[in-house]
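> Sequence and predicted structure, then a few things I'm wondering about:
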Amino acid sequence: MPVLHLIARTVFATGLAVGLMAQSLPPSLPTGLGAPADEKGTVPTLPPGLGSPAAARADPADSERGFTVPFGLTGFIEARLGARIVDDGTQKSLSIAETRLQLERDFYTPHAAFRLVGDVVLDSVENDLNLDLQRGRGFLDLREANAVARPFSFLDVKAGRQILTWGVGDLVFINDLFPKDFRAFFIGRDNEYLKAPSDAVRISAFSDAANLDVVYTPRLNADRFIDGSRLSYFNRSLGGITGQNAIITAETPHTWFSDDEIAARLHRNVGGWELAAYGYHGFWKAPEGARADGRPFYPRLSVVGASLRGPLEGGIVTTEVGNYFSHDDADGTNPLIRNGETRFLIGYEKEIATELTAAGQYYVEILSDFSALKQNLTSGQAAPDRARHVLTLRMTQLLFNQNLMLSAFNFWSPNEEDGHLRFRATYKLSDAWQIESGGNFFYGRKENTFFGQLQDNTNLFFGVRRSF
């Protein structure tokens, strides 16, 4: 489909949706005419002739937004358009062209709370309406569908589809082994879409000594990894950059209660410092192994780790460590399976000027059995570095009463000589309207390093969102 046709289709769909909403917008009240509730929760009545019962019951926030969705739904409608600025013969020139409608609703009963969040998506790049909730493909992305109950005063249980996260890294994940969507992150979707949903049960127990979180996932929830369908990558089997001409089809564990995952976190605060210990048993979140016939698969993985976060010299210091045990290559002799490793990070964040915050991190991955791996490489296989070092820097500036946010985040690996610069400008036009523009720049000297392989995916994007 021609690029101009795709752009026109996306813009038309967005304009139609926003136009239909605009037709139903009643005029908003002037500032100050919304009557606040008193301390008992009742709304004072206006003098005779100055309002109707319906107006007296109106929510001031709804009046400012000028639009109310029926059935208590909230959410947003959004359009995003982006394009590669580097030639990529394996992908379309458009990196993103989609209209997204998100609807969410919370329900409460005396014994439980229920939450539903779903996105209806018109994606003009993939142009595939076939539904795949596990991989986030098709016309619907079900973000949350869960129930929360408190059977005891010290215990919470949350079951169903949910967004899970822990750890202290800034866009660097060590003990957070919950699914990520790196395709969304690299093509310019909102940051919230980096976290993919989990179908899991989370049990949280609270005590004065410490708090314990246990998450059980009855079937592997893998990352939405770079597989060539949307982003080009370095294909080690073919020895070059590939994309839609070599989409990865992995052997995915799918047996309920057998191919499962379990994660735990024990945490507490001590004198303003947050301490946590972690454990995980399941699989590598991407297909980090290959069978003898070359078919990718998900090897077994266990991780133990810890983190610390607290105040230091007017800022926040963070540190985290994790030991990765790759069970299908316990001695590190199989070059077709990712080796075990130790991961470590230390970071610091501080406001360095008015509304200007800087945050930096040092992150390293160290192979556990480097010597064994090196000795078992086959002819033609290049030996990796024993350690991969990464430095990150985030700068965030707020302007115009915090309505404008300028942010830049740079990953740089000094030993692999590659990196990723991610920048954004987000402007809040009103309580309801927001616009955003930004880009993802990938650079590197070699095409077989993590960021170097993504250079042809460098892109710019623009988005507009209407919340309700």
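All right, it came through fine.

> Relative to Ser153, how far out is the residue lying closest to Leu212 once chain neighbours are set aside?
Excluding the flanking residues, the one nearest Leu212 by C-beta to C-beta, 6 or more residues apart in numbering is Ala205, at 4.6 Å. The C-beta positions use only the backbone N, C-alpha and C, and glycine is treated the same way. According to C-beta to C-beta, to the nearest Å, Ala205 and Ser153 sit 11 Å apart.

> Neighbour count: these two, which is higher?
Ala205 (15 against 7; other C-beta atoms under 10 Å).

> thought that one was touching Val157?
No - contact criterion C-beta atoms under 8 Å: Ala205 and Val157 do not qualify, at 10.0 Å.

> the helices in this structure, which residues?
3-23, 53-56, 60-65, 182-187, 370-375 (DSSP state H).

> export the fourth one as PDB, just CAs?
Same thing as helix 182-187. Coordinates of each C-alpha in helix 182-187 appear next as PDB, following Å, rounded to 0.1, in the frame of the first residue of the first chain:
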ATOM      1  CA  PHE A 182      10.300  -3.700  22.800                       C
ATOM      2  CA  ARG A 183       8.700  -3.300  19.400                       C
ATOM      3  CA  ALA A 184       6.300  -0.600  20.900                       C
ATOM      4  CA  PHE A 185       9.200   1.100  22.700                       C
ATOM      5  CA  PHE A 186      11.400   1.400  19.600                       C
ATOM      6  CA  ILE A 187       8.700   2.600  17.100                       C
END
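
> now that helix, how far from the centre of its chain.
Helix 182-187 sits 9 Å away from the centroid of its parent chain (C-alpha atoms, centre = their mean, to the nearest Å).

> tell me the contacts of the residue nearest to Leu212?
Residues near Ala205 by C-beta atoms under 8 Å, 6 or more residues apart in numbering: 154-155, 211-212.

> Confirm for me that Leu131 is in contact with Val121.
No - here Leu131 lies out of contact with Val121, judged by C-beta under 8 Å, at a distance of 10.6 Å.

> so what pLDDT did the most centrally placed residue in the chain get?
What sits nearest the mean C-alpha location of the chain, by C-alpha atoms, centre = their mean, is Leu194, with 1.6 Å. Per-residue confidence at Leu194 stands at 97 (pLDDT).

> any idea how far Ile187 is from it?
For Leu194 relative to Ile187 (C-beta to C-beta), the value is 11 Å.

> okay, how far is it across stretch 234-246, tip to tip?
Its start and end residues considered, stretch 234-246 measures 10 Å (C-alpha to C-alpha, to the nearest Å).

> Residues contacting that stretch, please?
Contacts for stretch 234-246 (C-beta under 8 Å, 6+ apart): 88, 90-91, 228-229, 231-233, 290, 294, 447-448, 452-453, 456.

> let's go with 10 Å and repeat that
88-92, 226-233, 248, 290, 294, 296, 336, 380-382, 446-450, 452-457 (C-beta atoms under 10 Å, 6 or more residues apart in numbering).

> How far off centre is stretch 226-235?
In terms of C-alpha atoms, centre = their mean, the centre of stretch 226-235 is set 18 Å apart from its chain centre.

> That one spans what distance, first to last residue?
Start to finish, the residues bounding stretch 226-235 are 11 Å apart (C-alpha to C-alpha).

> Setting aside sequence neighbours, what's the nearest residue to Gly188?
Computed as C-beta to C-beta, 6+ apart, the closest residue to Gly188 that is not its neighbour in sequence is Phe461, at 3.4 Å.

> Ok, Ser467 next?
Excluding its sequence neighbours, the residue lying closest to Ser467 (C-beta to C-beta, 6+ apart) is Phe76, at 4.3 Å.

> Mind listing the shared neighbours of Leu194 and Ile187?
Common contact partners of Leu194 and Ile187 (C-beta under 10 Å, 6+ apart): Asp181.

> related to what we said a few turns ago, closest to Arg137 among the contacts of Ala205?
Checking the contacts of Ala205 against Arg137 by C-beta to C-beta gives Leu212 as the nearest, at 35.1 Å.
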